[in-house]
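> test case, fold it:
(4 chains)
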2 protein chains.
Amino acid sequence: MSEPVRPLRADAARNRELLLAAAEEEFAERGPDSSVADIARRAGVGKGTVFRHFATKEDLIAAIVVQHLEPLFTAAQRLLTADDAGAALLEFLSVAADQRQQHDVSFLQSASENHTSVIELRDRLFNAVIELTDRAREQGSVRQDVTGVDIWVLICAPVHVVSYLPNPAPDQWRRYLAIIFDGLRPEGAHPLPQPAPTLT
Amino acid sequence: MSEPVRPLRADAARNRELLLAAAEEEFAERGPDSSVADIARRAGVGKGTVFRHFATKEDLIAAIVVQHLEPLFTAAQRLLTADDAGAALLEFLSVAADQRQQHDVSFLQSASENHTSVIELRDRLFNAVIELTDRAREQGSVRQDVTGVDIWVLICAPVHVVSYLPNPAPDQWRRYLAIIFDGLRPEGAHPLPQPAPTLT
DNA sequence: TACCAAGTTGACCGCCCGGTCCGTTTGCGG
DNA sequence: CCGCAAACGGACCGGGCGGTCAACTTGGTA
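The predicted structure follows:
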């Protein structure tokens, strides 16, 4: 079943990394309509080389998304072993926001929803967020009526709202994460008007 | 200085409305890359007619944005006369979210940032939000360290986070508006790590 | 060092986009 | 009801896109 994949040639491996880095920068700067030709130019390779490494533009996007989800998943797993689950949840949200602030490619997620590699990693990350949230709720660090799905959809909010500012400070998202997290705390919580959603 | 603009012919006026409605639907369903040809087809007119009414695609987008900002501004002005400024602010955020939930074209805002008509209306709306927020803060309905700019960037958040759900209930945004608004209340507020931003 | 598979390249293809243009149709004042 | 300006429609244009391919270069190995 398993294929004895030969290692990439040295120049090919280097070009692959150059391409991923260039594509990430290009998407972060120019948005979701960045062209493959521009990405190739930024990486200093021909356009044909892009398609040798990634069969379609969508495959390239999926590779970038995976590269972003991976360290997030690692962080989530590490934080699952922390004693203070509330602080762990807050730090996870900080790590996620900080990563997005550097290179915001969140708009690529929807363009790679069909790739199994993205789906698998995304689901594992989702489950880790559920666990983080459950632990924080059990310790009374967040309100009783908040679920992992709530946290899941709120991950992106701090960075997103900052994108409406003309020249935001690099850490501006911290202000809005703090506001939102205050809304998640048990103290002074008002009843929620809608039941918690699911992902199905 | 003023031009004696003749009234539109009956069919032209009707087509203009058809086009605006069709474009709004098309953008809401297909996203920011909807084509002018598809919009014309949905409106039941030729492509040339689109460009008779709106010189460029950007002009069409700006007209849609203005059509969305106008009722929002009206609502904000009305709510400025309410007694309970905290409830007024919450209702303004509800009106804004409810409108966006019906036809989310918020991604068009950035594509029409150069149009004076959009800029003027947006600035007037912004000032109204400042006033609404100042009144709510003075009445102690929201925390002392929150500003109108904070509210301004948070307007879009409830609808945005819901967009990450596969089949959201029409009122799902209310859950997240409630969470965020709890974070804006004075009770149990933790100090904010970053100063309030400005729009310049 | 000589060989060749692996890798690179950029011209090229078909497609679709925003925008133009002119021949045709139509609403409406006299 | 007539005449015409206003409005309409769709073929057409230049340009940029994702993706292909055949000629060329190069890294690793025997």
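> every contact and neighbour count from this point should use C-alpha atoms.
Will do.
> look at stretch A:169-188 and report the distance between its end residues.
End-to-end distance for stretch A:169-188, by C-alpha to C-alpha, to the nearest Å: 30 Å.
> tell me the buried residues in that stretch?
A:172-188 (16 or more other C-alpha atoms under 10 Å in any protein chain shown).
> same deal with stretch A:83-102?
When burial is assessed from 16+ other C-alpha under 10 Å, stretch A:83-102 yields the following buried residues: A:85-86, A:88-90, A:92-101.
> so for that stretch, mean pLDDT?
Stretch A:83-102 shows a mean pLDDT of 97.
> can you spell out the domain ranges of chain A, please?
A:7-54, A:64-184 (automatic domain parsing).
> please name the nearest non-neighbouring residue to A:Leu19.
A:Ala43 (5.4 Å; C-alpha to C-alpha, 6 or more residues apart in numbering or on different chains).
> and the one you found, what does it touch?
A:15, A:18-19, A:21-23 (C-alpha atoms under 8 Å, 6 or more residues apart in numbering or on different chains).
> would you list those in JSON lines and tack on distance to A:Ser163?
Formatted as JSON lines, the contacts of A:Ala43 follow (distance: C-alpha to C-alpha, whole Å):
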{"residue": "A:Asn15", "distance to A:Ser163": "32"}
{"residue": "A:Leu18", "distance to A:Ser163": "27"}
{"residue": "A:Leu19", "distance to A:Ser163": "26"}
{"residue": "A:Ala21", "distance to A:Ser163": "22"}
{"residue": "A:Ala22", "distance to A:Ser163": "22"}
{"residue": "A:Ala23", "distance to A:Ser163": "20"}
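> buried among these? Make that a ChimeraX selection.
Selection of buried members from those for ChimeraX, criterion 16+ other C-alpha under 10 Å:
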select /A:15,18,19,22,23
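> what is the nearest of the contacts of A:Ala43 to B:Ile119?
A:Ala23 (32.7 Å; C-alpha to C-alpha).
> in the helix or strand containing the closest one, which residues are buried?
Counting by DSSP states H and E, the element that carries A:Ala23 is helix A:10-30. In terms of neighbour count (16+ other C-alpha under 10 Å), helix A:10-30 has its buried residues at A:15-16, A:18-20, A:22-28.
> residue numbers of chain A in contact with DNA strand C?
A:8-9, A:11-13, A:15, A:44-50, A:52-53 (C-alpha under 7 Å from any atom of the strand).
> now these: which count as buried?
The buried subset of the residues of chain A next to DNA strand C (16+ other C-alpha under 10 Å) comprises A:15, A:50.
> A:Gln77: which of the residues of chain A next to DNA strand C is nearest?
A:Gln77 has its nearest neighbour among the residues of chain A next to DNA strand C in A:Ala13, at 29.0 Å by C-alpha to C-alpha.
> read off the pLDDT value for that closest one.
With respect to pLDDT, A:Ala13 scores 98.
> state the distance from it to B:Pro158.
Using C-alpha to C-alpha, one obtains 43 Å as the distance from A:Ala13 to B:Pro158.
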